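>>> okay, structure incoming, though there's no sequence with it:
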């Protein structure tokens, strides 16, 4: 097994590890399977270490990154918030991360498939309802796309919509100006005045 992987290979290994026992579906709150965008975001907020290095322009990742990704998803499946996970996992040694990730070995991804692995993982739908103490409980709500609009360097608006057009962004920018002015007056955000821009934030529920 190679000791370094590209970000795509890292994401695939994390999906394989999580698919082994279905942990991302442990509750209705955890919908994100690790992908390139999510890994970059986790790196930005310090949940995942920076890449080990680069091969040309390609970032390289190692086993510790895989342990971090799987440990994050285990904790999310247990109902922990991102802030709680950051407080617990930041700086932990590999041995502790491996215990939390519940990995005895670092899995190799399967052979390439016609259908991407992350799509196949969700191919089997859960039953329409489950039974808790003899009562039928509805299936958790399906995952919904979330769009992020960067209003300021330290302020992002999240919208539970599939996409945003230029007209939507223009309307949001106009409506947000009084809010931004008030937040800057109170020194709650910086003084940058760049225009908002839409950026997919991943998936939530």
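Noted; the coordinates are in hand. Note that the structure is predicted; figures quoted are calculated from it, not measured.
>>> so what are the domain limits for the chain?
7-122, 144-204 (automatic domain parsing).
>>> could you dump these to a markdown table with mean pLDDT and mean neighbour count?
(Glycine included, C-beta is placed from N, CA and C.) Output for the domains of the chain, formatted as a markdown table (pLDDT from 0 to 100; neighbours: other Cβ atoms under 10 Å):
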| stretch | mean pLDDT | mean neighbour count |
| --- | --- | --- |
| domain 7-122 | 81 | 16 |
| domain 144-204 | 72 | 14 |
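>>> what ranges does the chain have for its strands?
For the chain, applying DSSP state E gives strands covering 53-55, 58-60, 129-132, 135-138, 144-152, 155-159, 197-204.
>>> strands paired with the second one, and their directions?
Right, the one you point to is strand 58-60. strand 53-55 (antiparallel) (DSSP bridges).
>>> need the residues that contact the partner strand.
4, 59, 60 (Cβ atoms under 8 Å, 6 or more residues apart in numbering).
>>> closest to residue 173 among these?
Each of the contacts of strand 53-55 was checked against residue 173 using Cβ to Cβ; the closest is residue 59, at 32.5 Å.
>>> what sits closest to the closest one if chain neighbours are left out?
Leaving aside its chain neighbours, residue 59 sits nearest to residue 51 (3.8 Å; criterion: Cβ to Cβ, 6 or more residues apart in numbering).
>>> isn't that neighbour right up against residue 61?
Yes - if you go by Cβ atoms under 8 Å, residue 51 and residue 61 touch, sitting 5.7 Å apart.
>>> need the overlap of contacts for those two.
In contact with both residue 51 and residue 61: residue 7, using Cβ under 8 Å, 6+ apart.
>>> so how far is residue 71 from residue 93?
12 Å (Cβ to Cβ, to the nearest Å).
>>> check residue 90 too.
Taken as Cβ to Cβ, the span from residue 90 to residue 71 is 11 Å.
>>> the closest residue in space to residue 6 that isn't next to it in sequence pairs with what?
Leaving aside its sequence neighbours, residue 6 sits nearest to residue 58 (Cβ to Cβ, 6+ apart; 5.7 Å). Residue 58 has the following beta-bridge partners by DSSP bridges: residue 55.
>>> what separation do you get for residue 58 and residue 44?
Counting by Cβ to Cβ - residue 58 and residue 44 are separated by 19 Å.
>>> which helices and strands does the longest helix belonging to the chain pack with?
Under DSSP state H, the helix in the chain containing the largest number of residues is helix 166-185. Helices and strands touching helix 166-185, as assessed by 3 or more Cβ pairs under 8 Å, 6 or more residues apart in numbering; DSSP states H and E, comprise strand 144-152, strand 155-159, strand 197-204.
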